[in-house]
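Enquirer: Please find the sequence and the predicted model below.
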Amino acid sequence: MFLLRVISALIGIPIVLGIVYFGGPWYALFLVLIVNLGLYEYNSIIKKQNDSAPVIINYFGATLIIAALFFEQPELIYPLVMLIFFILFTAALFNMEKSSIAYSALSLWGMIYLGGLAGYLWMLRMLPDGAVYTYILLAGVWIHDIAAYLVGVKWGIRKFSPQISPKKSIEGSLAGIGATVTIFFSISILLPEFALLNPLQAAMLALGIAVFAQLGDLLESAFKRQMQVKDSGGIIPGHGGILDRFDSLIMAAPFVYYFFLLLNMA
């Protein structure tokens, strides 16, 4: 399993870094692909609980969110969400025997969860120096995940949240936060010519990335637990599904976006 994780990372990381570097349509298409693959896993989980759950429409909505951002029309997103909402609840009202408001809400949740949060990956990339900011986000999440995984597997004893994810440990959680903050803080001191932030800013950014990465991981685990599903998918060898790999990233993206937006405005 560990070897598969390493091989997948060695193949996947250069691809992701290259797509972020080129940006533009390639990056937008990459986000659409990731969002829709994630929605496929999300919808599959819902469909296991209710075959009639209205899941198809959230592909449409999530794709249009990314498209609206790509074509610089963010004002269309709110009307789009409202349109999807009205379609879903109207369908539920007139098809109560096969559908339900609860599963309509889950479908809308999936659109916002994946399409809405992933939209921040696009907005972050579009900021001045956005490629650098996106690399910082990726580095922070990857440092956190690697440290939390290695320490949790080797020394994890005390359970962090057994009712949500029995495998996550307090030791792994603290290691993920500590490693991210330490590395960011150290780089800001040892390599100031390459660092965009002073040590305090770097530590605050790292702490935020690590905390939101853990929240993203816990959210996905809680969703799977409530849906009584063990795995979201297996598309990435050694890592699981798209949701397993990108849950932390999309949850940390809004924090990093607003961090640099406010920093540039200060």
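Expert: Great, that's in hand.
Enquirer: How about the contacts made by Ala62?
Expert: 35-36, 39, 110-111, 114-116, 118 (Cβ atoms under 8 Å, 6 or more residues apart in numbering). For every residue, glycine as well, the C-beta is placed using N, CA and C.
Enquirer: list the helices and strands the strand ranked longest in the chain packs on?
Expert: Scanning the chain for the strand with the most residues, using DSSP state E, yields strand 165-169. Helices and strands touching strand 165-169, as assessed by 3 or more Cβ pairs under 8 Å, 6 or more residues apart in numbering; DSSP states H and E, comprise helix 130-155, strand 159-161, helix 199-226.
Enquirer: Now do the shortest one: distance to the chain's middle.
Expert: What that stands for is strand 159-161. Averaging C-alpha positions (Cα atoms, centre = their mean, to the nearest Å) puts strand 159-161 21 Å from its chain's average.
Enquirer: Number of residues surrounding the residue lying closest to Ile189 once chain neighbours are set aside?
Expert: Leaving out its chain neighbours, the residue that sits closest to Ile189 by Cβ to Cβ, 6 or more residues apart in numbering is Pro199, at 5.6 Å. Pro199 has 15 neighbours, counted by other Cβ atoms under 10 Å.
Enquirer: thinking again about what came up before, output the longest strand of the chain in CSV with nothing but the alpha carbons.
Expert: Below are the C-alpha coordinates for strand 165-169, written out as CSV (Å, rounded to 0.1, in the frame of the first residue of the first chain):
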residue,chain,number,x,y,z
SER,A,165,-12.8,8.1,11.7
PRO,A,166,-11.4,5.4,14.0
LYS,A,167,-8.0,5.4,12.2
LYS,A,168,-7.2,9.1,12.8
SER,A,169,-5.1,9.7,15.9
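Enquirer: mean confidence score for that strand?
Expert: Averaging pLDDT along strand 165-169 yields 79.
Enquirer: Stretch 82-98 now?
Expert: According to the model, stretch 82-98 has a mean pLDDT of 82.
Enquirer: Please apply the same query to stretch 198-212.
Expert: Stretch 198-212 comes out at a mean pLDDT of 96.
Enquirer: list the buried ones in that stretch?
Expert: 201-212 (16 or more other Cβ atoms under 10 Å).
Enquirer: swap in stretch 7-23?
Expert: Across stretch 7-23, burial judged by 16+ other Cβ under 10 Å covers 9, 16, 19-20, 23.
Enquirer: what about Leu114, distance to Pro199?
Expert: The spacing between Leu114 and Pro199, counted by Cβ to Cβ, to the nearest Å, is 35 Å.
Enquirer: swap that for Ala222, please
Expert: Using Cβ to Cβ, Ala222 is found at 35 Å from Pro199.
Enquirer: With Tyr113 instead?
Expert: Distance of Tyr113 to Pro199, given as Cβ to Cβ: 34 Å.
Enquirer: any low-confidence regions in the chain?
Expert: Residues of the chain meeting the criterion pLDDT under 70: 1-5, 96-99, 231-240, 266.
Enquirer: nearest spatial neighbour of Ile87, skipping sequence neighbours?
Expert: Leaving aside its chain neighbours, Ile87 sits nearest to Ile57 (6.3 Å; criterion: Cβ to Cβ, 6+ apart).
Enquirer: Leu88: what's its closest spatial neighbour, skipping adjacent residues?
Expert: Ser104 (4.0 Å).
Enquirer: do the same with Gly156
Expert: Nearest residue to Gly156 in three dimensions, chain neighbours excluded: Ser169, at 3.0 Å (Cβ to Cβ, 6+ apart).
Enquirer: Name the residues of stretch 40-48 that are buried.
Expert: By 16+ other Cβ under 10 Å, the buried positions in stretch 40-48 come out as 40-43, 45-46.
Enquirer: ok, of the residues you listed, which one's closest to Pro254?
Expert: Tyr42 (18.8 Å; Cβ to Cβ).
Enquirer: that's a helix at the closest one, yeah?
Expert: Yes - counting by DSSP: H, G, I helix; E, B strand; the rest coil, Tyr42 falls inside a helix.
Enquirer: what number of residues lie near the closest residue to it other than its chain neighbours?
Expert: Distance criterion Cβ to Cβ, 6+ apart; nearest residue to Tyr42, sequence neighbours excluded, is Gly110 at 4.6 Å. By other Cβ under 10 Å, 26 other residues sit near Gly110.
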